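# Build me a model from this:
(one chain, ligands or ions: 2)
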Amino acid sequence: MGSTDTEHRDPDCVFCKIVAGEIPSERVHEDERVIAFADLHPQAPVHVLVVPREHRRDVTELAADPALLAHTVQVAAQVAGARADGDFRLVFNTGESAGQTVFHVHAHVLAGGKLAEGEL
Ligand code: 5GP
Ligand code: ZN
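Ligands and ions are numbered 1, 2, ... in the order given. Predicted coordinates:
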């Protein structure tokens, strides 16, 4: 493992452990920059999390790498196209009071039916 891998990993982070394969997940996509897996507590017929492999706290930190942010959105669209009709809601909870519970950035992809208005 190179120094870059260690710098971008938080030993206490559940999503770093999922990225490393130390905690099992139902992966639906993986490439060199992101993985996508089914949410443990789905809120929609399709509920997938797209997660950059590098540990970044939230979407504001992800936005420091515009190419990676764009790739995250493109993978979200791909997942919605492969597993539903292509329409999707993309949610980045950012900060505790906005409902963020895992502080490793993740895009919630919600799809597969008429989605309710309101919070995730
Ligand atoms: P947040 O509340 O931070 O926006 O979203 C965290 C999401 O991660 C929640 O929807 C929760 O169900 C999901 N989650 C938390 N731990 C795990 C896990 O170990 N495996 C999977 N697949 N999802 C998880
Ligand atoms: Zn992490």
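# What parts of this structure come near ligand 1?
Counting by CB under 6 Å from any ligand atom, the residues of the chain lying close to ligand 1 are 14, 23, 25, 37-41, 49, 93, 99-102. Using the backbone N, CA and C atoms, a C-beta is placed for each residue, glycine as well.
# now do 8 Å
14-15, 18, 23, 25-26, 37-41, 43, 47, 49, 91-93, 99-103, 106, 108, 120 (CB under 8 Å from any ligand atom).
# Low-confidence stretches in the chain?
1-7, 119 (pLDDT under 70).
# where's His29 relative to ligand 2, distance?
For His29, the distance to ligand 2 (CB to the ion, to the nearest Å) stands at 18 Å.
# Offset the numbering so it begins at 39, please.
All right, first residue 39 from here; so that's His67.
# In this structure that residue contacts Gln116, no?
Yes. With contacts defined as CB atoms under 8 Å, His67 counts as touching Gln116 at a distance of 6.9 Å.
# Mind listing what's buried along the longest helix along the chain?
Selection of the longest helix in the chain by residue count, based on DSSP state H, yields helix 104-121. By 16 or more other CB atoms under 10 Å, the buried positions in helix 104-121 come out as Leu106, Leu107, His109, Thr110, Val113, Ala114, Ala115, Gln116, Val117, Ala118, Arg121.
# Many thanks, have a good one.
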